[in-house]
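Enquirer: have a look at this prediction, sequence included:
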Amino acid sequence: MIQVIAGVWALLLGIVLIMLGNGMHFTLIGLRGGIEGFSAAELAIVTSGYFVGFLSGARYAPVLIRRVGHVRVFAALGSFMSAGLIAFTLLAEPWAWTLLRILIGFCMSGIYVAAESWLNNAATNQTRGKVLSAYMMAQTLGLIGAQGLLTLGDAGTAALFIGASILVSISFAPILLSITPVPAVEVARPMTLRKLFASSPLGTVGIFLLGCVYATQTGMGAVYGSQIGLSADQIALFVAMLFSGALVLQYPIGWLSDQIDRRRLIFGAALAGAVA
């Protein structure tokens, strides 16, 4: 396991940094939007923009990777995302924020495709669960850490947006400066949703439902906290707790997925989540 992680440490460090910036921006949207007087409906539209961009990024990122490779795609999309985060402070209008969220969603989707195809290349079927759990732990650490960073500044100023932009900007430095091998440029070609469902109906439906939950809690959690009167620090703690369980259980579930039938494990985890 250590040997496998050693081969992708630069990627995992980059993911932690970029998720610090992305996690800050997710909560900041709700906090700053409330300060600017955006309604809940307007913030819901702004939030949805991220996932519109994410969907399109999932379609076109493999094309970019085949053309220029994983590292260049990761660095280029990170640069655009960094610029988008700073731009939030330039024009506090719902339509402008929605466009910026579409851009950031597209960039994050491409970064995920590049990172996960890279990890898939580094893992075997015997280690895939542990490698992916380490990747998810890196993501979750970034998201939780981002909420702590939010307590260091004022959401009413540009400082936190600039901080998020800086973190994203340096996220690809470990990858560009490391000597770890990168995968071949070839990645799997995209498939239709119908073919995806035929290949893995459980995975397709499960990820769709999980996406609904994830989009709601990350996109509107800060908005809900603002509307019930929580302070900025309390909202940051509330959002951080949403990811703490994932951090604690990520590796044990990854380990179990390499030991038992993954379908049974998915069912068990979903049942436990529904009861909670």
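Expert: Perfect, thanks for sending it.

Enquirer: so how many other residues sit close to Q259?
Expert: As a burial measure, Q259 scores 9 neighbours (other Cβ atoms under 10 Å). C-beta coordinates here come from the backbone N, C-alpha and C atoms, glycine included.

Enquirer: apologies, that question was intended for W95.
Expert: W95, neighbours per other Cβ under 10 Å, totals 12.

Enquirer: helix or strand for it, which one?
Expert: Applying DSSP states H and E as the criterion places W95 in helix 94-122.

Enquirer: got the angle for the helix or strand just after that helix vs helix 94-122?
Expert: Helices and strands here follow DSSP H and E; after helix 94-122, the next one along the chain is helix 128-150. With axes from the mean of the first three to the mean of the last three Cα atoms, to 10 degrees defining the directions, helix 128-150 sits at 150 degrees from helix 94-122.

Enquirer: run the chain-centre distance for stretch 130-147.
Expert: The chain centre lies 9 Å from the centre of stretch 130-147; the measure is Cα atoms, centre = their mean, to the nearest Å.

Enquirer: quick one: average pLDDT of stretch 255-264?
Expert: For stretch 255-264, mean pLDDT rounds to 83.

Enquirer: can you give me the buried ones in that stretch?
Expert: Of the residues in stretch 255-264, L256, S257, D258, R262 count as buried by neighbour count, 16 or more other Cβ atoms under 10 Å.

Enquirer: in TSV: these, plus distance to K195 and secondary structure.
Expert: Formatted as TSV, the buried residues of stretch 255-264 follow (distance: Cβ to Cβ, whole Å; DSSP: H, G, I helix; E, B strand; the rest coil):
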residue	distance to K195	secondary structure
L256	29	helix
S257	24	helix
D258	27	coil
R262	21	helix
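
Enquirer: what is the nearest of the residues you listed to I104?
Expert: S257 (30.5 Å; Cβ to Cβ).

Enquirer: look up how far P252 lies from the closest residue to that closest one other than its chain neighbours.
Expert: Computed as Cβ to Cβ, 6 or more residues apart in numbering, the closest residue to S257 that is not its neighbour in sequence is G129, at 3.7 Å. As for G129, its distance to P252 is 10 Å (criterion: Cβ to Cβ, to the nearest Å).

Enquirer: how about low-confidence regions in the stretch 51-200 of the chain?
Expert: Applying pLDDT under 70 to the stretch 51-200 of the chain flags the ranges 122-124, 126, 178-190.

Enquirer: what comes up buried for whichever strand or helix holds S165?
Expert: Here S165, judged by DSSP H and E, is contained in helix 159-171. By 16+ other Cβ under 10 Å, the buried positions in helix 159-171 come out as L160, F161, I162, G163, A164, S165, I166, L167, V168, S169, S171.

Enquirer: check contacts around the first one.
Expert: In other words, L160. Residues near L160 by Cβ atoms under 8 Å, 6 or more residues apart in numbering: M24, L28, L149, L150, L152, G153, D154.

Enquirer: before we move on, what about the last one?
Expert: With contact taken as Cβ under 8 Å, 6+ apart, S171 is in contact with G14, I15, L17, I18, G21, G78.

Enquirer: now, the residues you listed that are in helices?
Expert: In helices, judged by DSSP state H, the following of those are found: G14, I15, L17, I18, G21, G78.

Enquirer: could you dump those residues into JSON lines and include distance to V113 and neighbour count?
Expert: Listed next are the ones in helices among the contacts of S171 as JSON lines, based on distance: Cβ to Cβ, whole Å; neighbours: other Cβ atoms under 10 Å:
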{"residue": "G14", "distance to V113": "14", "neighbour count": "26"}
{"residue": "I15", "distance to V113": "13", "neighbour count": "29"}
{"residue": "L17", "distance to V113": "18", "neighbour count": "22"}
{"residue": "I18", "distance to V113": "14", "neighbour count": "30"}
{"residue": "G21", "distance to V113": "18", "neighbour count": "27"}
{"residue": "G78", "distance to V113": "13", "neighbour count": "26"}
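
Enquirer: so which of these is the closest to F197?
Expert: I15 (28.1 Å).

Enquirer: tell me the contacts of that closest one?
Expert: Counted by Cβ under 8 Å, 6+ apart, I15 has contacts A115, Y135, A138, Q139, G142, S171.

Enquirer: swap the cut-off to 6 Å and go again
Expert: A115, A138, Q139 (Cβ atoms under 6 Å, 6 or more residues apart in numbering).

Enquirer: how close does it sit to G53?
Expert: Distance from I15 to G53, by Cβ to Cβ: 19 Å.
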